[in-house]
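# Pasting a predicted model and its sequence here:
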Amino acid sequence: MNNYAIWFRRIVWLGILANLVIGIPTVLLPGETLIAFGSPPAYPLLWPSFSGLLLILLSLFYIPAARQPLGNLLVSWLTVLARLAGVIFFLGFHRDYFLLGLFDLSYFVPEAILLALAVRAQRNTLPTSPFMRATPPPRVKFGLAAIGLFFLLLIGGITYLQFFRQVPPPYFASDEEHFLYGSIGTESTSGVPYWLWLVLPRVFPDKLPNPGGYAAIGMVFEEGRELPVGFSKQTIGFDRVAINCAICHAVSYRKSPLEKPAIVAGGPGQTQTPQAYLRFLLDCASDPRFNTSTLMAEIAKNYRLGPLDRLTYRLVIPYVKFTLLRQKNEYAQYGLLPNLLLAGSGRIDPFNVVKYRYLKQPPDGSMGNSDMEPVWNLKAHNGYSLHWDGLNTSLQEVVLSSAIGDGTPLKWVDNDWKKTERESSLKRITSFINNSQPPKYPFAIDRNLAAKGKATFDKQCALCHAPGGERTGKVEPIDNPMLATDRNRIEMWKQSSATAYNEYTSRYNWKFSHFGKQNGYVNVTLEGLWLRGPYLHNGSVPSLVDLLREPAQRPKLFYRGYDVIDPVNGGFITQGAEAQRVGFRYDTNERGNSNSGHLWGTTLGDEEKKELVEYLKTL
């Protein structure tokens with residue numbers, strides 16, 4: 001070999017080593033590797049991890065060129081072209097990852113120059129003996145290079161189509177429909193392959209609390225809909241299913257067990273159990289049956305995948321398993337696995353994952369399980385503290401941070417927020433929750449009783465809960481002996497967490513600045529109160545009648561998640577065989593579940609309480 005070829009092989013070996021230094025950590029620690037390169041984080045981490053594996057496999061392809069660059073000239077040129085493809089891909093189309101483009105560029109330039117010089121030097125020194133093999137004619141060399149380039153482009157094109165091609169998600173003309181089924185960008189980071197998502201309940205029915213597929217963990221289906229409320233689908237290479245805002249903020253109810261559920265967008269998701277859904281996915285991944293053969297066989301019972309799609313799923317399924325197991329390990333390290341079991345229907349711990357995963361706060365053993373909140377009529381709440389503990393006062397920041405907490409990438413949020421009101425998914429959601437109204441109480445109301453109850457409300461409750469009340473929308477200190485409810489939700493959020501969240505988006509125009517730490521719970525307005533049971537911030541009191549009792553007289557055990565309205569007590573039915581069958585057993589003795597406090601109204605007489613409950617149904 002001439003000197004140019006020797007230096008070329010050295011550069012290629014160095015590139016292989018550099019690829020492995022990047023690829024191996026990306027497979028094992030994809031999130032940390034992306035952050036090290038200044039690239040947007042992505043969760044779950046299937047696709048960065050898979051890209052790391054492809055990089056390792058590509059490095060194996062370089063080895064013949066590194067060993068004998070002139071003896072394997074076609075492979076050597078393809079090695080150079082592969083670097084060029086990386087430069088074009090990262091610098092031309094995905095500039096969030098420009099450092100990776102510069103990385104490939106730093107190898108492409110010297111490799112291309114050295115290989116060209118090595119080939120020219122070889123031609124000038126070839127022996128003329130008739131016993132030596134003649135140099136292939138230029139036409140043959142060009143044909144071989146063209147064939148190699150064709151296959152390189154073919155593989156690249158197939159990879160793009162099967163893994164990265166993005167088809168815009170469905171556009172819904174109705175803002176309500178968009179809220180229920182529209183994409184918030186989570187498919188790219190946490191989307192589950194559609195056909196895999198479809199068959200998981202059939203392969204793993206033992207991981208669900210009852211028969212019925214996803215409905216067994218509270219997911220609500222509308223007739224004629226492919227997905228449950230709170231889920232969206234988008235094609236990114238292949239169809240992926242992911243969650244949206246409605247998984248927490250849509251409520252279903254029935255007036256009687258024989259009726260079909262009515263679905264109200266923006267209401268608190270009393271039946272949905274997002275944390276049980278996550279737990280289901282993690283438990284499936286931990287089972288030996290989560291393997292390509294078993295799952296592909298089940299998919300084949302439902303749909304005949306094409307050859308490329310079958311290959312795609314055979315590649316994807318092991319990495320979905322890997323990613324879910326890695327996420328389960330993260331949750332175990334954070335100490336959050338018990339929370340997934342204790343939250344139950346209509347509750348979630350939304351901020352601990354954000355604290356640990358995004359904000360890199362040290363695990364503190366806190367418990368943030370709390371009821372899902374209604375998000376209707378928020379235009380009338382302008383200036384109020386938001387979330388149960390008032391940790392933010394900006395609706396824009398609450399919407400954007402909620403999407404981020406669901407797994408939406410920061411770059412997607414940034415691009416979406418720059419769009420027009422009708423084109424932006426998050427702006428449409430904001431408009432909807434600003435203007436939507438709760439439905440009216442579906443049963444007859446005793447107007448005479450309600451009128452008397454309004455007088456009691458004005459004296460006892462309006463200060464904190466009526467629109468325009470002096471304390472409405474403000475944080476009531478937990479140390480107020482009249483409040484004194486469960487403290488776990490407050491103690492979960494720290495000032496350090498608020499500071500970190502305000503800094504987390506500092507490079508964007510919409511950066512956060514309103515996150516803070518409060519020491520109490522917000523005095524909320526009571527629109528649609530009849531549809532918001534169980535009550536208090538942690539959903540520990542089954543009915544309005546129970547809320548007006550002394551804490552010692554409130555039920556200690558009941559069942560959440562049954563969607564039949566209780567027209568007598570206010571709220572949902574929480575006792576009985578059917579409630580027990582479909583509901584989550586709520587034990588007020590468990591951590592975070594205390595039904596203590598909120599003593600306002602508990603000293604009223606029985607008749608006054610009856611009148612007040614009747615009035616509260618009208619709100």
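Cool, the structure landed.
# going forward, measure contacts between C-alpha atoms and count neighbours the same way
OK.
# Can you give me the domain assignment for this protein?
3-164, 169-247+274-342, 350-619 (automatic domain parsing).
# Which among the ones you listed is found nearest to Lys255?
Proximity to Lys255 (C-alpha to C-alpha) singles out domain 350-619 among the domains of the chain, at 5.5 Å.
# Quick one: end-to-end length of that closest one, please.
Length of domain 350-619, first residue to last, C-alpha to C-alpha, to the nearest Å: 28 Å.
# And the domains of the chain, which one averages the lowest pLDDT?
With a mean of 73, domain 3-164 has the lowest mean pLDDT of the domains of the chain.
# distance between the ends of that domain?
41 Å.
# rewinding a little: can you list the domains of the chain in CSV and add distance to Ala262?
Output for the domains of the chain, formatted as CSV (distance: least, C-alpha to C-alpha, whole Å):
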stretch, distance to Ala262
domain 3-164, 33
domain 169-247+274-342, 9
domain 350-619, 10
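# mind putting those in TSV, distance to Tyr253 and mean neighbour count included?
Output for the domains of the chain, formatted as TSV (distance: least, C-alpha to C-alpha, whole Å; neighbours: other C-alpha atoms under 10 Å):
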stretch	distance to Tyr253	mean neighbour count
domain 3-164	33	17
domain 169-247+274-342	10	19
domain 350-619	5	19
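# got the residue ranges for the strands in this structure?
Using DSSP state E, the strands found in the chain span residues 166-167, 192-193, 231-236, 238-243, 250-253, 262-265, 347-348, 370-371, 475-477, 520-522, 557-560, 584-587.
# Which among the ones you listed is found nearest to Pro201?
Nearest of those (C-alpha to C-alpha): strand 192-193, 13.3 Å.
# Name every strand pairing with that closest one and say which way it goes.
Counting by DSSP bridges, the strands paired with strand 192-193 are strand 238-243 (antiparallel).
# surely Gly383 meets Leu395?
No: counting by C-alpha atoms under 8 Å, Gly383 stays clear of Leu395, with 9.1 Å between them.
# With distance to Arg83 as extra columns, can I get the strands of the chain in TSV?
Shown next, in TSV, are the strands of the chain (distance: least, C-alpha to C-alpha, whole Å):
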stretch	distance to Arg83
strand 166-167	24
strand 192-193	30
strand 231-236	25
strand 238-243	26
strand 250-253	49
strand 262-265	49
strand 347-348	46
strand 370-371	51
strand 475-477	57
strand 520-522	56
strand 557-560	57
strand 584-587	55
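# Looking at the ones you listed, spot the one closest to Glu176.
Among the strands of the chain, strand 262-265 comes nearest to Glu176, with 6.6 Å by C-alpha to C-alpha.
# Touching that closest one from outside, list them.
Residues outside strand 262-265 that contact it (C-alpha atoms under 8 Å, 6 or more residues apart in numbering): Glu176, Phe179, Leu180, Ala246, His249, Ala250, Val251, Ser252, Tyr253, Arg254, Pro438, Pro439.
# The second one - nearest residue in space that isn't next to it in sequence?
It refers to Phe179. Spatial nearest neighbour of Phe179, chain neighbours left out: Ile429 (5.9 Å); criterion: C-alpha to C-alpha, 6 or more residues apart in numbering.
# Would you agree the one you found is in contact with Glu177?
No: using C-alpha under 8 Å, Ile429 makes no contact with Glu177, being 10.2 Å away.
# which residues sit in contact with the closest residue to Ile217 other than its chain neighbours?
Using C-alpha to C-alpha, 6+ apart and skipping the chain neighbours, the partner closest in space to Ile217 is Thr273 (5.9 Å). Counting by C-alpha under 8 Å, 6+ apart, Thr273 makes contact with Ile217, Gly218, Met219, Ala343, Gly344, Ser345, Gly346, Arg347, Ile348.
# what's the closest of those to Gly23?
Nearest to Gly23 among those, with distances taken as C-alpha to C-alpha, is Ile348, at 35.5 Å.
# Bridged to the closest one, which residues?
Legend: beta-bridge partners of Ile348 under DSSP bridges are Ser370.
# tell me, how many neighbours does it end up with?
23 (other C-alpha atoms under 10 Å).
# Relative to Cys248, how far out is it?
Ile348 is 8 Å from Cys248, by C-alpha to C-alpha.
# Identify the contacts common to the two.
Pro274, Met372.
# ok, Asn19 - contacts?
Leu55, Ile56, Ser59.
# Is the last one in contact with Ala18, as I believe?
Yep, that's Ser59 we're talking about. No: contact status for Ser59 versus Ala18: not in contact, 9.4 Å apart, counting by C-alpha under 8 Å.
# which of the contacts of Thr273 lies closest to Pro209?
Ile217 (7.2 Å).
# Counting only helices, which of the contacts of Asn19 make the cut?
Secondary structure defined by DSSP state H assigns Leu55, Ile56, Ser59 of the contacts of Asn19 to helices.
# From His598, how far out is the first one?
Looking back up the chat, that one is Leu55. 58 Å.
# got the contact list for Leu386?
Asn392, Thr393, Ser394, Leu395, Val398, Gly473, Val522.
# For it, give the beta-bridge partners.
Assigned bridge partners for Leu386, using DSSP bridges, are Asn392.
# That one and Pro350, how far apart?
For Leu386 relative to Pro350 (C-alpha to C-alpha), the value is 14 Å.
# cool, and Lys617?
29 Å.
# Over to Asp309?
35 Å.
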